[in-house]
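Novice: Build the 3D model from these lines:
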Amino acid sequence: MGYFGRYLIGLLFGYSILRKMIDLLTRQSVGKSSLVDHLPILGPAMRKPVQYVAMMGELAVVLIMLMGGDLIIPGFYLSLLLLSGFTLAIYWIRKNGMVVDCGCFGHRKWKSNQYDIIRNLIFMTLTVIFIADSPGVYQHPEVANLAQLGMLVITAISLVLLIVHFRDIVESIGGGTK
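Specialist: Numbers count the residues shown, from 1 in each chain. Take a look at the predicted model:
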């Protein structure tokens, strides 16, 4: 599961940072608010720096997953930290009745919803499984078996959801008919 976990998390954050960079370079994000613009804990002067720090964190996860070695476990923890922060921010926005685009994978046509939270929780669960199953992490055989079973169950559920909602997925990325 080690390579699978590395590449899955690397691709997740790679896709996210790529979409955000395309938005920045094509100026698609100009004039659009993002998730951090609606967090009162951040003053106006902190919003852009927090966005860039988050993007740099995403880029760091991608580079760590590509390089491998002893940094993989810290890379998984960094991805878990970023996903946790994003999830809490989306939850707070939704809890307070705001309807905004989270900007999770660049600016989108639809606004953040409960599926963004569920998606992040799934990726966070997978990340915990990848950490538990990583070489060098002390583990009892039961933990390894449980991690593998959890991975199998999540993979099966994800595959079923992917197949069931394939048309919606294709339409959401602009490839289908409405």
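Novice: can I assume Thr87 is in contact with Ile118?
Specialist: No. In this structure, Thr87 is not within contact of Ile118 by Cβ atoms under 8 Å, at 9.5 Å. C-betas here are computed from N, CA, C, even on glycine.
Novice: which one of the two has more residues nearby?
Specialist: Thr87 (20 against 12; other Cβ atoms under 10 Å).
Novice: Buried residues of the helix or strand harbouring Leu12, list them for me.
Specialist: Per DSSP states H and E, Leu12 falls inside helix 2-25. For helix 2-25, a neighbour-count test (16 or more other Cβ atoms under 10 Å) marks 5-6, 8-10, 12-14, 16-17, 19-20, 23 as buried.
Novice: Including pLDDT and distance to Leu80, could the residues you listed go into TSV?
Specialist: Listed next are these as TSV, based on pLDDT from 0 to 100; distance: Cβ to Cβ, whole Å:
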residue	pLDDT	distance to Leu80
Gly5	83	12
Arg6	85	14
Leu8	87	13
Ile9	89	9
Gly10	89	14
Leu12	88	12
Phe13	90	12
Gly14	88	17
Ser16	85	15
Ile17	86	17
Arg19	80	21
Lys20	79	20
Asp23	73	25
